[in-house]
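Enquirer: Sharing a sequence plus its predicted fold:
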Amino acid sequence: MFSVEIDDHLCDCLEETVRANGLSGTIEVLRGDAREIDLPSSVDVVVAELIDTGLIEELQVPVINSLFERGVATAGTRFIPEGYQTEVQLMWVDERNYGYVIRAPRHEWPFLSDSGIGWTQLEAIERSRRAVLWSGRFAEGPLEPGVRCEVALPVSPPGPVNALKLSGRLTLARNLEVGATNVMNGDKILPLRDEYVTPAAALTISYGMGKGLGSFVASVKEA
């Protein structure tokens, strides 16, 4: 069994943890980039929790693609998690925070809605249902990392739209799905350049999985 980690300090921690649990003969810690490091061929199981909302910030898909390209993963390899689905939703959000307009992506971690933690609550109104941008199973790799999707969404309840909510559903195993959690896969609110008042919005969205939020481009027009 191999554990691959690129960060030297985390590797030190992993090695200490392996020794402390008497697993030195079972788990070998490998230091390096999982896309490049030497690994055995045709492994049985890949546990890859590089999950960020929409698979945009983390290298989940690029790493898995490299495993397939090098023969480390095959059609018989089991992946944990098994798959992912990215969804988008029209929103209106209050951009004013302590008197200032803030136009930047923000995470909507579930714990932020807990009034007991004292986090400032910014108004956010859902303006549509959720639509699927991408859905895939990692065992079907290699996967195309570039995403381009066109979707039309009725605005309901009626009102202005000035943001998108990006969310996702993670399939850990068959019949076991996870949405937003406090430590992983929190919803993202992405501001639009303009505010739209329209009965329906036609979205054209593109981004690169593993390329970061700077690759996310959305255009909106009346449907």
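Expert: Arrived safely, thanks for sending. Residues are numbered from 1 along each chain as shown.
Enquirer: Could you verify my assumption that L133 touches R148?
Expert: No - using CB atoms under 8 Å, L133 is not in contact with R148, being 9.4 Å away. Quick note: C-beta positions are derived from backbone N, CA and C, even for glycine.
Enquirer: Find residues that contact each of these two.
Expert: I205 (CB atoms under 8 Å, 6 or more residues apart in numbering).
Enquirer: How are the helices of this protein distributed by residue range?
Expert: Secondary structure of the chain (DSSP state H): helices located at 8-20, 60-69.
Enquirer: if I look at the residue nearest to R169 when sequence neighbours are not counted, how far off is R137?
Expert: Counting by CB to CB, 6 or more residues apart in numbering, R169 lies nearest to Q85, which is 4.6 Å off, once chain neighbours are set aside. Distance of Q85 to R137, given as CB to CB, to the nearest Å: 10 Å.
Enquirer: Identify the residues contacting the most centrally placed residue in the chain.
Expert: When CA atoms, centre = their mean is applied to the chain, the residue found nearest the centroid is T53 (2.3 Å). When contacts are counted by CB under 8 Å, 6+ apart, T53 touches T86, H107, L166, S167, G168, A180, N185, G186, D187, K188.
Enquirer: ok so, going back, per-residue confidence for the residue nearest to R169?
Expert: Per-residue pLDDT puts Q85 at 97.
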